[in-house]
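S.K.: pasting the sequence and the predicted coordinates here, then a few questions.
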Amino acid sequence: MNETVGAKPTVFLRDYRPPAWCVGTIELEIDLDADATVVTARTTLQQALPGVELRFDLAALELLEVRIDGRVLAAAEYRLDETSLAIPGVHDGAIVQTCVRIAPARNSAMQGLYLSGTREHGFLLTQCEAEGFRHITPFLDRSDVLARYTVTLRAERARYPLLLANGDADGAGDLGDGRHWARFVDPHPKPSYLFALVAGRFESIEDHFVTAEGRAVRLLIHAEADAIGRCGWAMQCLKLAMRWDEQRFGRCYDLDAFHIVATHDFTMGAMENKGLNIFNAKYLLADPASATDDDHRHVLAVIGHEYFHNWSGNRVTCRDWFQLCLKEGLTVYREQEFESDVASRTLRRIEDVRLLWRAQFSEDAGPLAHPVRPDRYSEINNFYTATVYEKGAEIARMLGVVLGRDGFRRGLDLYFERHDGTAATVEDLLAALGDANERDLSAWLAWYAQAGTPVLHARGHHDPRRRCYELTLRQHTPATPGQPYKQPVPIPVAVALYGADGAAQRLRLDGEAGSDACERVLVLGAESATFRFVDIESSPVASLLRGYSAPVRLVQDSTAEELAALACHDDDGFNRWFAADTLARRLFAQAHAEGEPDAHLLSLWTRCLGAMLDERELDPALAAEMLTVADSASLADSLVDVDPEAVHQARARIETALASALEARLLARYRALHGDGGSIDSRAQARRRLRNTCLAALCRADVRHRVLAQAHYAGAHNLTDRLAALGVLLSVRDAGVDAALEGFARHHAGEPLVLDKWFSLQATEADPRACDRVATLLAHRAFRWTNPNNVFALLGAFALRNPRAFHRADGNGYRLVADAILKLDAITPQVAARLATAFGAWRRHEPLRRALMHRELDRMRARERISPDLADILARSLAAE
Ligand code: BES
Ligand code: ZN
């Protein structure tokens, strides 16, 4: 249950002060028990700023005792309130000891120490980022206080045979009364948010890795007995990640063991605790029968992500939570590069850009917009956003593009060397990247400080007489809440120019020496600039923002023919997709405004995609992506007075037109792609992706193709194909779909992760009736309100990924979700707050929906006792523009 009620006070970046007290060492003794755990903490304190009294943070714990240098304090010698413990009489060098009692089994908020599963069969674990450690013991719970940890755990041996904490094992033994103990010493100083412990009954798999520095490392993955057989893929991914970070960034692992533990009860995806990562089971367990191809790639990415934090986050951590992007944005970028190097670069880039557009651009265009480095927050848990993560990663990527691969590596090397073992800032990162390359990167701070998505206008002009091509770039960032005026940001624009013969031209800017390069990166540093390329014979087709070199909205005056040429021939796979997507958006805009798309444009688009389907050498995954029209949320994002039903109809019209025009080719390709079995190599995954895309399109073109879907479902050898077919049967409302859904649930009973997909599939059916289905499924025996995976699979999918049903004109979708949010707020406030972001875009909708959404926001806010997490989202969503 949440203890604090109402909004928390706002914290400002400009108010940052270095800690007045530092901690040398902390010795924790933890007597574990699901109902009453007793935590004793002995800290050695150093006074950094004379005259400031010691004040520990705390939350939801029962204080039993306080000592200074061994002497028990009387109650009058300290002050205790809901959030802090102030001890005036502490001197420099003192040893402060506190003893508290906490109740893990009652901790449904999942911050601090809590129980996963049941008292009888469950286990105990922690989640401390961002401010969970204060739920375990009173402490200076801020990321710039780094300490050396020694942790002794004691617990009943039968129930909790495995005891783990960060660092190296340093002894274990029996206590005689059915209890046992284990001690851990972490040699690396760390902030409290990286603390972790796990206690329970697990099965383990073990492997080993020898680092480039020669350290032999034990790798262990621990899971409950029924899950251990699905941990092999994660272990392979871990070894790939460790090698990759050595080769690409020179980063080696630094302890003798690396542990990963899986849980089904976790509010987030995974957590990078030092040497003891904790994973949501959905990002760890994978085999072809119970996880899709996408799941396998997500495991690879998340394993990489948390592992890479060992340097970008743990060895060099964040000074304060305003610098969150310093670890998260950078680590997402490192993770993207990892997957790009070991799997498919183009596919990963397309997926990242789709996510950026859907989640970040829309966040940036609404009341929850904030800079990548916010300048204030009330509840920090609400700032683990698409902006901090995805736009933060885009900034790192842009710096990678302008500094080049080697320059970026040199810069990061310097950053890690300078700041190892300390807490750093965004300025520190830019300074290191700049110093290592003898460049001043201070202009890049604007990307971190300014919210809103820049619009980049590009206009090209060819002068046949002077044989030159002039490209004029102009930028503008629209106002966001609290930031009416914007300054220009540096925008790297990767460019290629294709000549009349279809070949990329050599690029030489006026006044430069010649070179052989056919692609180059222009940087627009001011509001506008013109770049003149010389020796350009005929009017070229410009391929701009190649690889999506900057997170901006590109507005270009290119003709449909030029876009079609790029969609067919650009040698940057990403830009082929980008051009096809731009064509589809133009078609959508026409269908939305006029009811019908332009026939000429439509035939250009379908001919181009048809030709692509015949290209034998093309990566099937890229073909599948090019055939997939952008989702409704992303198509709606440049509209005002959005009517999601109208958006859905217009989108469906162009999707169907494409499927009908290509029906014969789709069928031929569908048939040619059969028979991959269960292999999960990239090639097999790509073929399945295209085959399943063809199947969905075929059934859109002609519902009689449902027989293919029925056979596809019956003959599927892996979860990817099975779920894809089930989704198609659902979308055509096949007569047998209810029986198939029933059968699927029966077959996978007892597999919560698979049932979550089953929930999501039904929650995202693009039909208003999905709302009723979700309402019914809330009572399903596999759905538990206390399990965040269940909640996100059913309610999150519905509210955030099914605009047609969530925005039903009768308001039932809104009511269903608002009721759920209020119920969840009393259980897991973080989860309730994340669901509530679904109402953020209320002002961008047409008047009826706007009023209905507004009413639900008001209703939620009027509820007494709401958590700070939810209160913060509601207040910002409703704030005057
Ligand atoms: N440090 C975060 C996990 C976290 C987030 C803890 C918020 C507490 C509050 C972790 O490194 C992370 O970013 N996890 C992501 C997955 C990742 C692959 C982007 C997550 O949990 O969604
Ligand atoms: Zn992270």
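M.R.: Alright, I've got the coordinates. Ligands and ions are numbered 1, 2, ... in the order given.

S.K.: for L175, give its distance to G200.
M.R.: Computed with Cβ to Cβ, to the nearest Å, the distance linking L175 and G200 is 18 Å. From N, CA and C alone the C-beta is placed, and that goes for glycine too.

S.K.: quick one, which of these two is more surrounded?
M.R.: Neighbours were counted for L175 and for G200 using other Cβ atoms under 10 Å; G200 has more, 24 against 12.

S.K.: who are the neighbours in contact with the closest residue to that one other than its chain neighbours?
M.R.: Leaving aside its sequence neighbours, G200 sits nearest to F123 (Cβ to Cβ, 6 or more residues apart in numbering; 2.3 Å). By Cβ atoms under 8 Å, 6 or more residues apart in numbering, the contact list for F123 reads L115, S116, G117, Y160, V198, A199, G200, R201, F202, E224, T263.

S.K.: can I get those in JSON lines including pLDDT?
M.R.: Output for those, formatted as JSON lines (pLDDT from 0 to 100):
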{"residue": "L115", "pLDDT": "98"}
{"residue": "S116", "pLDDT": "98"}
{"residue": "G117", "pLDDT": "97"}
{"residue": "Y160", "pLDDT": "98"}
{"residue": "V198", "pLDDT": "99"}
{"residue": "A199", "pLDDT": "99"}
{"residue": "G200", "pLDDT": "98"}
{"residue": "R201", "pLDDT": "98"}
{"residue": "F202", "pLDDT": "98"}
{"residue": "E224", "pLDDT": "97"}
{"residue": "T263", "pLDDT": "98"}
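
S.K.: looking at those, state which has the most neighbours.
M.R.: Using other Cβ under 10 Å as the neighbour criterion, A199 leads these with 28 neighbours.

S.K.: who touches the helix or strand hosting it?
M.R.: Per DSSP states H and E, A199 falls inside strand 197-200. Contacting residues not belonging to strand 197-200 are listed as 30, 32, 113, 116, 122-126, 151, 153, 155, 159-165, 222, 259, 261, 276, 278 [Cβ under 8 Å, 6+ apart].

S.K.: follow-up on the earlier one: and the residue nearest to G200, how far is that from ligand 1?
M.R.: According to Cβ to the nearest ligand atom, to the nearest Å, F123 and ligand 1 sit 19 Å apart.

S.K.: what values do phi and psi take at that residue?
M.R.: Backbone torsions of F123, given as degrees, to the nearest 10, read phi -140, psi 170.

S.K.: pLDDT score for it?
M.R.: Looking at F123, its pLDDT is 98.

S.K.: any idea what it is bridged to?
M.R.: Beta-bridge pairing of F123 under DSSP bridges involves S116.

S.K.: ok, it to F249 distance?
M.R.: 34 Å.

S.K.: before we move on, what about R576?
M.R.: Separation of R576 from F249 (Cβ to Cβ): 30 Å.

S.K.: sorry, back to before: between the contacts of F123, which is closest to ligand 1?
M.R.: Distance to ligand 1, by Cβ to the nearest ligand atom, is smallest for T263 among the contacts of F123, at 12.5 Å.

S.K.: return the residues in contact with the residue lying closest to that closest one once chain neighbours are set aside.
M.R.: Excluding the flanking residues, the one nearest T263 by Cβ to Cβ, 6+ apart is S116, at 4.5 Å. S116 sits next to G122, F123, L124, L125, G200, T263, H264, D265, F266 when contact means Cβ under 8 Å, 6+ apart.

S.K.: ok so, going back, now intersect the contacts of strand 197-200 with the helices, please.
M.R.: Judged by DSSP state H, the contacts of strand 197-200 include no members of helices.

S.K.: buried subset of these, written for PyMOL?
M.R.: This is the PyMOL syntax for the buried subset of the contacts of strand 197-200, where burial follows 16 or more other Cβ atoms under 10 Å:
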select buried, resi 30+32+113+116+122+123+124+125+126+151+153+155+159+160+162+163+164+165+222+259+261+276+278
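
S.K.: re earlier: and the helix or strand just after the strand holding A199, which residues are buried?
M.R.: Going down the chain from strand 197-200, the next helix or strand is strand 203-210, by DSSP H and E. Residues I205 are the ones in strand 203-210 that count as buried (16+ other Cβ under 10 Å).

S.K.: tell me the confidence at whichever residue of the stretch 201-350 of the chain sits closest to ligand 1?
M.R.: Nearest to ligand 1 in the stretch 201-350 of the chain, going by Cβ to the nearest ligand atom, is G269, at a distance of 2.9 Å. Per-residue confidence (pLDDT) for G269: 98.
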